[in-house]
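J.: Give me a model of this one.
(2 chains)
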Amino acid sequence: MSKDKEKLFSKQNRALLTDPLDDNNPITVQVLGICSALAITVKLEPAVVMTLSVIFVMGSSNMIISILRDIIPTRIRIIVQLVVIASLVAIVDQFLKAYAYDVSKQLSIFIGLIITNCIVMGRLEAFALGNGVWKSFLDGVGNALGYGWILIVVAFIRELFGSGELFGVPVIPQFIYDLGYTDNGLMLLSPMALIVVGVYIWIQRYFNRKLIEKD
Amino acid sequence: MNRDSNRHTYIFAGVMVIAIAFVLSFTSESLKDLKADNIKKEKMQNILSAVGINVTRDQSGDLYNQYIIDELSLTNIGEIDTSVSAFNINLALEIKKDINTQRFPLYIANVDDNRYYIIPLRGNGLWNAIWGYIALKGDRNTIKGVSFDHQAETAGLGAEITEDWFMNSFIDEKILNNDGDFVGVGVTKTNNDPENTDKDDNEVDAISGATITGDGVSDMIKERLENYLQFFNNIANE
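T.: Down below sits the predicted model:
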């Protein structure tokens, strides 16, 4: 099968989307992007908006770098990658300020910090510079989904046990509080995000044996 | 084409920078009005919420005109400067000026025939600026309400200063102590009143894990309010 006849969603291309969700997850397997995973997972809403923003930034930046991959001067390629990422992030920031003002305030500096998210530049350097546009787009979106999936799982656990809410709506019934249950304030502190991610890695490796390193 | 030649590198960098500058300034310009409108309405919304009127951002324009009866620009000796529009004072820039040339905005609200004095605040939190509004009742001592906001405090910790439970703890606190001297309101971890039932102690309970943001709140209340005391004395003596 020649390359240009490959279907849009061939098995190989689907793997680009699904691998980062589990087998090659940027946070739990490659251990990238931990910093923002700690910072914005106190509540679900910012985590979801962050996920959408990262999907946009990674999909587009991977595409742009892939289009330009044959004319980017090798010596300044890191600068070019940074400029592309930073511009896309600035655009996301502007749109959030105009159309989703409240969420943009909650995320405050973390939208800007997408620029420093190791996953974004990692994918540009490792994948987009050497692959076609469509594949690069899928790879960017896939990795962003893998990143976002962990954000949402961690935010779900932290918001539920830390504030007793999901998306800001109280979900733990009053009678449980009357029985003596209290929200765990520790969940709101950043170190707990690391512990939740650690527990996730533990569970993930229990079910996905091929992730376990052989001695 | 040799993509690693100096010539190519310079041309590529030049074209890229110009193209991106164009895209970014185009985005920024085309969204400018929406962003400015959000900021203006949010300011009105925050001023109203300091006196306990909670409105959506879309309604805030109409209700602002209904309730706010006066906007004054004061000097630090309590005189009114009519040449400056109080609403347009950008506190972030104003606060950097010399205290004698600064103008201090004061909003006067009339809600159900009660008069309230609303004073904008600005100071520093842990990461960046924090600001807000504090509304005093007619006695110019008891707090009617506050609204706080911040640039970049930590979500779940310092950012909690914008939550109702924290802002409500200021209601009915006094800015003068029992001898009538100005002390402001302290955000403190050591008061023996975590339920905040004592409204004469000039203190509210702090947020765990947000000491520096809390200190910032105490400081900005003290620093900003101090400049209005002369004006309040003047009206009291009239």
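J.: any low-confidence regions in the chain?
T.: Defaulting to chain A. Low-confidence segments of chain A, defined by pLDDT under 70: A:1-6, A:108, A:215.
J.: not quite, I wanted chain B
T.: B:1.
J.: For it, what lies in contact range of chain A?
T.: B:1, B:3-4, B:8-9, B:12-13, B:16-17, B:20, B:23-24, B:27-28, B:31, B:34-35, B:38, B:42, B:57, B:127-128, B:149-157, B:159, B:208-209 (C-beta under 8 Å from any C-beta of the partner chain). (C-beta placed from N, C-alpha, C; glycine too.)
J.: Helices - which of those land there?
T.: Among those, the members found in helices (DSSP state H) are B:8-9, B:12-13, B:16-17, B:20, B:23-24, B:27-28, B:34-35, B:38, B:42.
J.: Enumerate the strands of chain A by residue range, in sequence order.
T.: A:165-166, A:169-170 (DSSP state E).
J.: Who are the packing partners of the host helix or strand of B:Asn234?
T.: Using DSSP states H and E, B:Asn234 falls within helix B:229-237. Helix B:229-237 sits against no helix or strand, with contacts defined as 3 or more C-beta pairs under 8 Å, 6 or more residues apart in numbering or on different chains; DSSP states H and E.
J.: List the buried residues in that helix.
T.: Residues of helix B:229-237 classed as buried: B:231-232 (neighbour count, 16 or more other C-beta atoms under 10 Å in any protein chain shown).
J.: quick one: contacts of that helix?
T.: With C-beta atoms under 8 Å, 6 or more residues apart in numbering or on different chains as the contact definition, helix B:229-237 has outside contacts at B:74, B:76-79, B:106, B:117, B:140, B:182.
J.: Farthest pair within the residues you listed?
T.: The span of the contacts of helix B:229-237, defined through C-beta to C-beta, is set by B:Glu79 and B:Phe182 at 19.3 Å.
J.: Among these two, which residue is more densely surrounded?
T.: The neighbour comparison of B:Glu79 against B:Phe182 (other C-beta atoms under 10 Å in any protein chain shown) goes to B:Phe182, with 15 against 12.
J.: Kindly supply the PyMOL command isolating those of the residues of chain B next to chain A that are buried.
T.: Those of those that count as buried under 16+ other C-beta under 10 Å are selected in PyMOL with:
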select buried, chain B and resi 9+12+16+20+27+28+31+35+38+42+127+149+150+152+153+154+155+156+157+159+209
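J.: quick one on the thing from earlier: nearest to B:Glu94, of the ones in helices among the residues of chain B next to chain A?
T.: Distances from B:Glu94 to those, taken by C-beta to C-beta, are shortest for B:Glu42, at 18.4 Å.
J.: excluding its backbone neighbours, what's nearest that closest one?
T.: Counting by C-beta to C-beta, 6 or more residues apart in numbering or on different chains, B:Glu42 lies nearest to B:Arg57, which is 6.2 Å off, once chain neighbours are set aside.
J.: Test my guess that that neighbour contacts B:Asn46.
T.: No: judged on C-beta atoms under 8 Å, B:Arg57 makes no contact with B:Asn46 at a distance of 10.1 Å.
J.: Now find how far off-centre the top strand by length along chain B is within its chain.
T.: In chain B, taking DSSP E as the definition, the longest strand is strand B:114-124. Centroid separation for strand B:114-124 versus its chain: 8 Å, with C-alpha atoms, centre = their mean, to the nearest Å.
J.: how about the residues of chain A that lie near chain B?
T.: A:39-40, A:42-43, A:46, A:70-76, A:79-80, A:83-84, A:87, A:90-91, A:94-95, A:97-99, A:101, A:105-106, A:108-109, A:162, A:185, A:188-189.
J.: Mark which of the residues you listed are part of helices, please.
T.: Short answer: the residues of chain A next to chain B in helices (DSSP H) are A:39, A:46, A:79-80, A:83-84, A:87, A:90-91, A:94-95, A:97-99, A:101, A:105-106, A:109, A:162.
J.: Quick one: buried ones out of the residues you listed?
T.: The neighbour count (16+ other C-beta under 10 Å) marks A:39, A:46, A:80, A:84, A:87, A:90-91, A:94-95, A:97-98, A:101, A:105-106, A:162 as buried among these.
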